[in-house]
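Asks: structure, please.
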Amino acid sequence: MKFSYYLTLLFLTVSIVRVGAERVIPDPLIAASAKDAVEKLGLEMMKGNFKYGQERMYPRWKRRLALRAGGMEKLEVQLTSAQQQRIRIGLVVTAYRVGEPTAFFDVWRAKKLHPVTGEPVRDDTGREVITSHWLAIVPVTMQVKVPDRQLGGKIRTLEEDTCTIAVCEKGTDDWYFLTGLKPTVQDLRSLFPTLPSDEKSLGLPVSSAREIK
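Replies: The predicted structure follows:
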């Protein structure tokens, strides 16, 4: 199997994007919270729980993917099929090293909704509460092992320097991720209009992939 094939399978769990935007500086505790959330994502992947990334997919992005797939049920089938494919070929995540977030952005101002009723939350004056979200760029080095059937089942070790994009409502530690399928720059700008298209402004870690002999 080709190296690009394995990376495609991984994109169905942790997506990598290259965009640009003007950064903000968060409280160190917020940066630590984002890093902890991505470490949790990696730990679940190392356990073989690829469904965790599906469960923690950023809701607005998941609805976008569902529209493309022809409905939420069809999207769930596609994501489940990808999980089963990883298991079938024997792909195992053996290492997931998370670095300090390289950039933060203040994105997506929206009405705060009650988690149970879904109705807008109002303050003491009766006004609807507007909330903003953090978007964090978190560098990751991920290593996987997978048997190559074309080489008689020989185990290949692949490693990639990448990043995870995490989104969280301000004032919470409830981080979601842009997982599922790899979003384009246009996708991101439609979700977060304040993000410019200049890659350099985002300050992404340099991405690279290699086979460990």
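Asks: what residues sit buried inside the longest strand seen in the chain?
Replies: The longest strand of the chain (DSSP state E) is strand 130-148. For strand 130-148, a neighbour-count test (16 or more other C-beta atoms under 10 Å) marks 133-144, 146-147 as buried. Glycine gets a C-beta too; all of them are placed from N, C-alpha and C.
Asks: mind listing the strands that strand pairs with, and their directions?
Replies: Note on strand 130-148: by DSSP bridges, its sheet partners are strand 92-98 (antiparallel), strand 103-111 (antiparallel), strand 154-169 (antiparallel).
Asks: where among the ones you listed is the average confidence lowest?
Replies: Comparing mean pLDDT across the strands paired with strand 130-148, the weakest is strand 103-111, with a mean of 85.
Asks: what does it contact?
Replies: 21-26, 30-31, 34, 60, 120-121, 128-137, 167, 191-192, 194-195, 202-204 (C-beta atoms under 8 Å, 6 or more residues apart in numbering).
Asks: confidence score at the closest residue to Lys154 other than its chain neighbours?
Replies: Computed as C-beta to C-beta, 6 or more residues apart in numbering, the closest residue to Lys154 that is not its neighbour in sequence is Asp148, at 5.3 Å. On pLDDT, Asp148 comes in at 88.
Asks: Asp148 and Leu158 touch, don't they?
Replies: No: here Asp148 does not reach Leu158: they are 10.3 Å apart, not a contact under C-beta atoms under 8 Å.
Asks: so what's the residue count around Arg23?
Replies: Neighbour count of Arg23, defined by other C-beta atoms under 10 Å: 15.
Asks: confirm Tyr52 sits in a helix?
Replies: Yes: looking at Tyr52 with DSSP: H, G, I helix; E, B strand; the rest coil, it is inside a helix.
Asks: can you tell me the closest non-neighbouring residue to it?
Replies: Ranked by C-beta to C-beta, 6+ apart and with sequence neighbours excluded, the top spatial neighbour of Tyr52 is Glu44, at 3.7 Å.
Asks: OK, contacts around that neighbour?
Replies: Contact analysis of Glu44 by C-beta under 8 Å, 6+ apart lists 50, 52-53.
Asks: make TSV from the residues you listed and add neighbour count, distance to Ala110 and pLDDT to it.
Replies: As requested, the contacts of Glu44 are exported to TSV (neighbours: other C-beta atoms under 10 Å; distance: C-beta to C-beta, whole Å; pLDDT from 0 to 100):
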residue	neighbour count	distance to Ala110	pLDDT
Phe50	24	29	89
Tyr52	19	25	94
Gly53	22	23	92
